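K.L.:
What follows is a predicted protein model with its sequence.
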Amino acid sequence: QVQLVESGGGLVQAGGSLRLSCAASGRTFSSYAMGWFRQPPGKEREFVAVISWGGGSTYYANSVKGRFTISRDDAKNTVYLQMNSLKPEDTAVYYCASSSSPFLPVVADTYDYWGQGTQVTVSS
């Protein structure tokens with residue numbers, strides 16, 4: 001069992017930055033790929049970024065590539081999402097999730113555990 005708790009969301013102006021954190025507890029954090037997803041208002045949940053166990057590989061959605069950076073600190077059992085140059089269309093509830101897949105999963109169904117989400121609102 002893995003428990004995930006996101007933090008760091010809030011209200012920011014377009015062009016601003018936020019850093020989301022996801023603290024994990026439970027089973028061995030370093031053995032899981034960690035992903036970030038988001039759900040904009042009235043839309044379905046979508047993939048944002050993923051980092052492999054060990055942190056050697058990352059993959060991003062085209063919509064955030066070059067603006068967002070995912071990283072992990074296994075000593076702190078925490079994964080981060082640094083979000084720069086934020087746009088109003090980035091407004092969403094952001095979720096972190098863990099997956100036992102050895103690859104870089106981008107489909108929500110391949111994730112085993114989810115956090116409760118944190119709201120990010122970008123004003124124009």
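P.N.:
On my side now, so go ahead.
K.L.:
quick one: pLDDT of the spatially most central residue of the chain?
P.N.:
The residue lying closest to the centre of the chain (CA atoms, centre = their mean) is residue 36, at 2.3 Å. The confidence metric pLDDT takes the value 98 at residue 36.
K.L.:
Let me know the distance separating it from residue 124.
P.N.:
Computed as CB to CB, to the nearest Å, the residue 36 to residue 124 distance reads 23 Å. (Each C-beta comes from the backbone N, C-alpha and C, glycine too.)
K.L.:
try residue 16
P.N.:
Between residue 16 and residue 124 the computed distance is 11 Å (CB to CB).
K.L.:
hang on, the earlier thing: the residue nearest to the centre of the chain and residue 80 touch, don't they?
P.N.:
No. The criterion here is CB atoms under 8 Å, and residue 36 misses it with residue 80 at 9.3 Å.
K.L.:
Give me the common contacts of those two.
P.N.:
Common neighbours of residue 36 and residue 80 are listed as 20, 22, 70 (criterion: CB atoms under 8 Å, 6 or more residues apart in numbering).
K.L.:
can you list those in JSON lines and add pLDDT, neighbour count and distance to residue 44?
P.N.:
As requested, the shared contacts of residue 36 and residue 80 are exported to JSON lines (pLDDT from 0 to 100; neighbours: other CB atoms under 10 Å; distance: CB to CB, whole Å):
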{"residue": "20", "pLDDT": "98", "neighbour count": "25", "distance to residue 44": "20"}
{"residue": "22", "pLDDT": "97", "neighbour count": "25", "distance to residue 44": "21"}
{"residue": "70", "pLDDT": "98", "neighbour count": "22", "distance to residue 44": "21"}
